[in-house]
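J.: predicted model and sequence follow; I will ask about them next.
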Amino acid sequence: MDTDVYSTEIKIDFSTDLSYLLRFVFLKIFLLENLGYNKRTEAGRGEEKMNRFTIGICQLRVEEDKKKNIEKAERMIREAVHQGSQVVVLPEMFQCPYENKYFPLYAEEYPGETTTFLSRLAQELKIYLIGGSIPERAGDILYNTSYIFDGKGQCIGRHRKMHLFDIDIEGGIRFKESDTLGYGGEVTVVDTEYCKIGVAICYDMRFPELMRLMALEGAVVMIVPAAFNLTTGPAHWDILIKARALDNQVYFVAASPARNMDASYHAYGHSAIANPWGEIVAQAHEEEMILYGEIDLDKVKKIRKELPLLKHRRIDLYDVIKK
Ligand SMILES: NC(=O)CCC(=O)C(=O)O
C-alpha cells in the first residue's frame, strides 16, 4: 500500500516536473528570441550577440574625381562587409578633396547622387553606414555633412559639422572652412540595434562639451569622420581620441582619409579606435586600407560600473547643457 502510494506520488511528481521543465524551456526560448539575445543581426551573418559588433573604417585616398572616389568607396565598403563588418565608416569629405575651392563644385542637395548611393549600398549589404561627410547644399548654404543609413537604406541621422576649422598656425597649416561652409547646430545621436551612436565631424572632436552632450544623450560609441593634417595630426590626434574615449567611457572611432601628397591638404591618416579605458585598440598608418575593430558593449558597462565617472559628476555645482 505504502509502496503504491509512494510510486503513484513519484509518477505524478515526475510528469509535473516534466511539464514544468518543458514550459520553462519554451519560456526561455521565447524570451531569448524576443529580448534580442542570440538574435540574428540585420545582415543575417549568423548567430551573433547584440552586444558585440565589428566596425570597418575605410581609410580611402581621396582624389580630384568624385566618380572615382564613390566607386572606390563602394569597393572598400563591400570588402569591409565581406570581412564581417556590421558598421562601416567613411572619412570626412570622402568624395571631395578637402579644399574650399572644391566644396561648391562637389556639393549635393539631399537626396543626391552620393546619398542615394550610400542608401542603396547600406540596404543591399544590410549594414549601418556612417557615410563620412560630403559638402551638402541647402539653399544658399553649404554644410560639411555626415549622413547615416541603416540596413533598410533609411537615413537615420544627419550631422552638420558644428565647429568649423578656422585656424592659422605659424609655420604650419592655415585653413578657413567658414569661407565656404555654414555652421551646423544639432547634436547627433542615432539609435541602432546595438546601441546609441554619437556622430560628429573632425574639428568637433576637440570640443569636450559636444562629446559630453552625446554621452548624456546615451551614446556609448562615438564615430567621427575626420581629416587631421601633418601639423595637428602628429601633435594631437591620438591624444584627443584617447581623451574623448576616456572622459565619456565610450568607444571612440575616428576615420581619416589616406594621405595624398598630390593634394593641397595632406591628411594625417592614422584612423583609430579607442576603447572606454582610453586604449587605442586598432590603428592605421597613412596609406589606403580598411581598419577593423571589435566593439564590446559589455566592456562599456563594466568600466562605467567600476569607475562611475558619469554618475560622479557634480551636477548640483555645474552642468553641460544644450541651448
Ligand atoms: N577637417 C578638420 O576639421 C581638421 C581638424 C584638425 O586638423 C584639427 O587639428 O582639429
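T.: Nice, thanks for sending it over. Keep in mind that this is a model prediction, so the values were computed, not measured. Residues are numbered from 1 along each chain as shown.
J.: for Lys323, give its distance to the ligand.
T.: 23 Å (CB to the nearest ligand atom, to the nearest Å). Just so you know, the C-beta spots here come from the backbone N, C-alpha and C atoms, and that holds for glycine as well.
J.: my bad, Cys195
T.: Counting by CB to the nearest ligand atom - Cys195 and the ligand are separated by 26 Å.
J.: what does the closest residue in space to that residue that isn't next to it in sequence show for phi and psi?
T.: Distances taken as CB to CB, 6 or more residues apart in numbering place Val220 nearest to Cys195, at 4.8 Å, with adjacent residues excluded. Val220 adopts backbone torsions of phi -110, psi -10, taken as degrees, to the nearest 10.
J.: so Val220 sits against Lys299, correct?
T.: No: contact criterion CB atoms under 8 Å: Val220 and Lys299 do not qualify, at 9.8 Å.
J.: quick check: neighbours shared by those two?
T.: Both Val220 and Lys299 are contacted by Pro276, under the criterion CB atoms under 8 Å, 6 or more residues apart in numbering.
J.: comparing the two, which residue is more hemmed in?
T.: More neighbours surround Val220 than the other of Val220 and Lys299, with 22 against 18 (other CB atoms under 10 Å).
J.: my guess is Glu286 is in a helix, correct?
T.: No: applying DSSP: H, G, I helix; E, B strand; the rest coil, one finds Glu286 to be coil, outside a helix.
J.: residue numbers of the stretch 101-250 of the chain in contact with the ligand?
T.: Proximity of the stretch 101-250 of the chain to the ligand, by CB under 6 Å from any ligand atom, involves residues 165, 202-203, 206, 227-229, 232, 236.
J.: among the residues you listed, which are located in helices?
T.: 232, 236 (DSSP state H).
J.: what subset of the residues of the stretch 101-250 of the chain next to the ligand is buried?
T.: 165, 202-203, 206, 227-229, 232 (16 or more other CB atoms under 10 Å).
J.: possible to save those residues as JSON lines with pLDDT?
T.: Formatted as JSON lines, these follow (pLDDT from 0 to 100):
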{"residue": "Phe165", "pLDDT": "98"}
{"residue": "Cys202", "pLDDT": "98"}
{"residue": "Tyr203", "pLDDT": "99"}
{"residue": "Arg206", "pLDDT": "99"}
{"residue": "Ala227", "pLDDT": "98"}
{"residue": "Phe228", "pLDDT": "98"}
{"residue": "Asn229", "pLDDT": "98"}
{"residue": "Thr232", "pLDDT": "98"}
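J.: wait, which of those is closest to Asn69?
T.: Asn69 lies nearest to Ala227 out of those, by CB to CB, at 13.3 Å.
J.: what are the boundaries of the helices in the stretch 151-300 of the chain?
T.: Ranges of helices in the stretch 151-300 of the chain, per DSSP state H, counting those that start in this stretch, are 208-216, 232-248, 297-306.
J.: so how far is the second one from its chain's centroid?
T.: Going by CA atoms, centre = their mean, to the nearest Å, the spacing between the C-alpha centre of helix 232-248 and its chain's C-alpha centre is 16 Å.
J.: same thing with the first one?
T.: Going by CA atoms, centre = their mean, the spacing between the C-alpha centre of helix 208-216 and its chain's C-alpha centre is 15 Å.
J.: helices or strands next to it in the packing?
T.: strand 196-199, strand 219-225, helix 232-248 (3 or more CB pairs under 8 Å, 6 or more residues apart in numbering; DSSP states H and E).
J.: could you redo the last one with a cut-off of 6 Å?
T.: In terms of contacts (3 or more CB pairs under 6 Å, 6 or more residues apart in numbering; DSSP states H and E), helix 208-216 is packed against helix 232-248.
J.: in the helix it packs on, what counts as buried?
T.: Within helix 232-248, the residues scored as buried using 16+ other CB under 10 Å are 232-233, 237-238, 240-248.
J.: one more: stretch 183-193?
T.: Neighbour-count burial for stretch 183-193 [16+ other CB under 10 Å]: 184, 187-190, 192.
J.: how about stretch 212-227?
T.: By 16+ other CB under 10 Å, the buried positions in stretch 212-227 come out as 212-216, 219-227.
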